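**Student:** this one's structure only:
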C-alpha cells in the first residue's frame, strides 16, 4: 500500500508539471469568477422560495468565511445591488441565461479534467454543454444541501429530537453530525464532478480518493489564504480598486488547483489499480476507452 501511494504521488507530481496544471488552474479561475455571480444569483432565486426565514442572509454570512475579506466585500455589494430589487424575479426566462453563464465554469472544468485524465474529448459540443448545465444543478444542489446542514445550527438537533421523540444523545451529537453531513455533501459534489465530467469510463467509487484529497486540500488552502490575506497581503495598496477582484481570483486559482490535483490522483490510481478503463500510459493505444469512440490518431496522441 505504501509503495502504491508513493508511486501515485510521484506520478501525480510529474503530471502536474507535464499537464500544465497550474496554467489550467489559472484559466479556470477566470471562468470561476465569470460564473460566480450568475451562480449565486440563481442560488438566491431558489433560496428565496424556501420556507426558512433569513436563509439568504445566513447563507451569505457562512460563505463569507471561505472568501478573502476584500473579495467578500465586493461580492456582497454586487449581490445586494442585483438581487435586492429583483428577488424572485430571476425564476423566469432570465434564469435560463443565468444558468447558461454559470455553466461556463463547468464547461471549462470538463476540458481541464480530460487533460488530467489524459483522454481526448470525443463527445459532441452539444452533449458536453448539456453535461455542464447538468453539473451546474448537481454540484450546486449538493453544495446547497451542505450549506443548509451548516445553517440549521446546533439547536436543530434538540428540535428534531423533541419532534421525533429521540433520545438526548442525538441532540448531543448533532453538532458533529451536521459537520459530517456538510463535508459529505461537498465530497459527493466533487466526486460527481470527477465521475461525470471527464470522458472516461470508471466506477463511481474510484473517484472517491481524489475527491477526499481535493476537498481537504481546498479547505486547507482556503484557511491558509485567509491567514495570508489578513496578516501579510494588502492587495488594495498594490492594485488599488482592483485589489478585491485580484484576491478573489487568487482564491479561485488555488481552489481550481486543489480540484485538479484530486483529478490527477484519481487518474494515477486508475492506472495503478486497473479497476477503471483508463490504461497505463505505456499500454497500447487500442486500450484507451473514452465514453465515445475516438479516432486512432486521437488515441495515439493520448498514449504518447
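**Tutor:** That came through fine. Note that the coordinates shown come from a computational prediction; the quantities given were computed from them, not determined experimentally. Numbering: from 1, shown residues only.

**Student:** what sits against residue 77?
**Tutor:** With contact set as C-beta atoms under 8 Å, 6 or more residues apart in numbering, residue 77 has no partners. All C-beta spots, glycine's among them, are computed from the backbone N, C-alpha and C.

**Student:** what mean pLDDT does the helix or strand in which it is found get?
**Tutor:** When elements are assigned from DSSP states H and E, residue 77 belongs to helix 69-83. The average pLDDT within helix 69-83 is 65.

**Student:** what residue ranges in the stretch 151-300 of the chain score low on pLDDT?
**Tutor:** 153-154, 241, 273-300 (pLDDT under 70).

**Student:** in the chain, spot the helix with the most residues.
**Tutor:** helix 243-273 (DSSP state H).

**Student:** list the buried residues for it?
**Tutor:** Residues of helix 243-273 classed as buried: 243-271 (neighbour count, 16 or more other C-beta atoms under 10 Å).

**Student:** before we move on, what about stretch 178-197?
**Tutor:** Using 16+ other C-beta under 10 Å as the test for burial, stretch 178-197 gives 178, 181-183, 185-197.

**Student:** mind checking which of the residues you listed are in helices?
**Tutor:** 178, 181-183, 185-196.

**Student:** closest to residue 3 among the residues you listed?
**Tutor:** residue 194 (24.3 Å; C-beta to C-beta).

**Student:** mind checking how far the closest one is from residue 267?
**Tutor:** The gap separating residue 194 from residue 267 is 9 Å, by C-beta to C-beta, to the nearest Å.

**Student:** ok, residue 6 next?
**Tutor:** For residue 6 relative to residue 267 (C-beta to C-beta), the value is 16 Å.

**Student:** next one: residue 40
**Tutor:** Distance from residue 40 to residue 267, by C-beta to C-beta: 31 Å.

**Student:** residue 195 now?
**Tutor:** Distance, residue 195 to residue 267, by C-beta to C-beta: 13 Å.

**Student:** element containing residue 172?
**Tutor:** Using DSSP H and E, residue 172 falls within helix 168-196.

**Student:** and that helix with helix 243-273, angle?
**Tutor:** Relative orientation of helix 168-196 versus helix 243-273 (axes from the mean of the first three to the mean of the last three C-alpha atoms, to 10 degrees): 80 degrees.

**Student:** by contact count, what packs against the helix or strand just after helix 168-196?
**Tutor:** Sequence order places helix 208-231 as the next helix or strand after helix 168-196, per DSSP H and E. Applying 3 or more C-beta pairs under 8 Å, 6 or more residues apart in numbering; DSSP states H and E, we find helix 208-231 packed against helix 69-83, helix 168-196, helix 243-273.

**Student:** which helices and strands sit right next to the helix or strand that contains residue 109?
**Tutor:** Here residue 109, judged by DSSP H and E, is contained in helix 104-116. Applying 3+ C-beta pairs under 8 Å, 6+ apart, we find helix 104-116 packed against helix 21-47, helix 125-151, helix 168-196, helix 243-273.

**Student:** relative to residue 15, which of the ones you listed is closest?
**Tutor:** Of all the helices and strands packed on helix 104-116, helix 243-273 comes closest under C-beta to C-beta, at 5.1 Å.

**Student:** that'll do, ta.
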